[in-house]
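Engineer: predicted model and sequence below, questions to follow.
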Amino acid sequence: MAEERPLARVTCTAPVNIAVIKYWGKRDNDLILPINSSLSVTLHQDQLKTTTTAAASRDFAEDRLWLNGEEADVGHPRLQACLREVRRLARKRRGGSAEDAAALSLSYKIHIATENNFPTAAGLASSAAGYACLVSALARLYGAAGEPSEQGQPSEQGQPSEQGQPSEQGQLSEVARRGSGSACRSMMGGFVQWQRGERPDGRDSIARQVAPETHWPELRVLILVVSGEKKQVGSTAGMQTSVDTSPLLKHRAEVVVPERLALMTRHIRERDFEGFGKLTMQDSNQFHATCLDTFPPIFYLNDISRQIIALAHRFNAHHGHTKVAYTFDAGPNAVIFTLADSVAEFVEVVRRSFPPAINGDRFVRGLPVGSASLPGELLAAVVTEPVPGGIQYILHTKPGPGPQLVDDPSQHLLGADGLPRRSP
Ligand code: DP6
């Protein structure tokens, strides 16, 4: 008689990433191939992460999915593409199409549960972390990958082998890309480039680590949460209209981005904050310029976003160099890069400029922030017309590692019966 096998369950966590050279526009909508390469910083999972448990069993009657405790549609074409591609990699790794009796059957139905430790609606790139986490958990479940990076170890990932073969994380980034373009960059820690690739089949459109998260220990990130509202035009639809109508986007992809990528990589390697910060702001501004150049135009920045931009420039002008750099994605929240020794002063400037209406004590979250008293001339030059309640809260974080395997079985989101542990 066949022995009872315990339910196969794997739990992984994955990070959010924020682009400093933006991805905007596809040359292939189905395979999610971009018109230009992009470069991002992976954020630390202590502050922002997705956790996903994937389980497979011959007893499951159908595939099922739960997002933050609510059952959701498992038939989404992008999710199905990820599932298909992970199984294909597993088959390849197992060496041929014949089923290995000892390995988990690729034909079993699966259950997936996924949760974010941050509000999904806050517009904080939840799909990137979500798909990176899904692919990491599935790959591990099916044996299509070894360990994601060891917990607590700096990750050196995505480096091609000497024969030019993509690394294992590189191959998995190709799968995560099928879920959401920016998700491929969440497959690695630190500073990550998504190379555009040339091939029509997308095999070379993968992520590659530029430097691990330990490379720039002083670098800090402040997320200024401006609005909890969902974005007006989603990135997928927005970038399609831009590709169809914006001549500026075409010029950006062909001429501007290739130059900027080389420059940004150098600034990161040299830990040159002046260069890194200035280019980060310029690239965010050009991305939003392509949105205005789209017809009909798309607006992601609001009045508060623009006030943050002006504030950052006043702050830098007062100090005579780039101390803070902003970047905005497809929504009004600002992400600020700075160095550890400037955090307390800038946070105080933000508090004075956008006095918290309520929750004054929870205005700053994440990594601790020291207190700073602002010199009178800085206040006079930088804090002009305060806007009470303009910013809901600030999340303080830093660069972090790529996806992690969770060893502790008590952390599985699915119980031994394959159903969500916490009720919605
Ligand atoms: C503005 O990766 O969300 O955040 O590939 O259609 O899923 P799809 O789009 P998505 O676009 C992200 C756009 C961006 C810039 C970036 O992250 O590079």
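Structural biologist: Here it is on my side, so go on. From a predicted model like this one, the values you see are computed outputs, not experimental measurements.

Engineer: residues of stretch 132-140 that come out buried?
Structural biologist: Within stretch 132-140, the residues scored as buried using 16 or more other CB atoms under 10 Å are 132-140. Where C-beta positions appear, they are placed from N, C-alpha and C, glycine not excepted.

Engineer: over to stretch 375-392?
Structural biologist: 378, 382-383, 390-392.

Engineer: that stretch: how far from the chain's middle?
Structural biologist: Its chain's C-alpha centre lies 30 Å from the corresponding centre of stretch 375-392 when counted by CA atoms, centre = their mean, to the nearest Å.

Engineer: pLDDT of it, averaged?
Structural biologist: Mean per-residue pLDDT for stretch 375-392: 94.

Engineer: can I get it in PDB? Just the C-alpha atoms.
Structural biologist: Taking Å, rounded to 0.1, in the frame of the first residue of the first chain, the C-alpha atoms of stretch 375-392 are listed here in PDB:
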ATOM      1  CA  PRO A 375      18.500  75.600  12.300                       C
ATOM      2  CA  GLY A 376      16.400  78.800  11.800                       C
ATOM      3  CA  GLU A 377      17.800  79.600   8.400                       C
ATOM      4  CA  LEU A 378      17.100  76.000   7.100                       C
ATOM      5  CA  LEU A 379      13.500  76.400   8.300                       C
ATOM      6  CA  ALA A 380      13.100  79.800   6.700                       C
ATOM      7  CA  ALA A 381      14.600  78.600   3.400                       C
ATOM      8  CA  VAL A 382      13.000  75.200   3.100                       C
ATOM      9  CA  VAL A 383       9.700  75.000   5.000                       C
ATOM     10  CA  THR A 384       7.600  77.500   3.200                       C
ATOM     11  CA  GLU A 385       3.800  76.900   3.400                       C
ATOM     12  CA  PRO A 386       3.000  73.900   5.600                       C
ATOM     13  CA  VAL A 387       0.200  71.600   4.300                       C
ATOM     14  CA  PRO A 388      -1.400  69.900   7.300                       C
ATOM     15  CA  GLY A 389      -2.300  66.200   6.600                       C
ATOM     16  CA  GLY A 390      -0.700  66.200   3.200                       C
ATOM     17  CA  ILE A 391       1.300  63.000   4.000                       C
ATOM     18  CA  GLN A 392      -0.200  60.100   5.900                       C
END
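
Engineer: between the buried residues of stretch 132-140, which sits nearest the ligand?
Structural biologist: residue 132 (11.0 Å; CB to the nearest ligand atom).

Engineer: just for the stretch 301-424 of the chain, where's the confidence low?
Structural biologist: Scanning the stretch 301-424 of the chain for pLDDT under 70 picks out the ranges 359-360, 422-424.

Engineer: which parts of it are strands?
Structural biologist: For the stretch 301-424 of the chain, strands defined by DSSP state E, counting those that start in this stretch occupy the ranges 324-327, 334-339, 364-366, 393-397, 404-405.

Engineer: which among those strands is found nearest to the ligand?
Structural biologist: The ligand lies closest to strand 324-327 among those, at 9.2 Å (CB to the nearest ligand atom).

Engineer: hang on, the earlier thing: out of the buried residues of stretch 375-392, list just those in helices.
Structural biologist: Mapping these onto helices (DSSP state H) picks out 378, 382.
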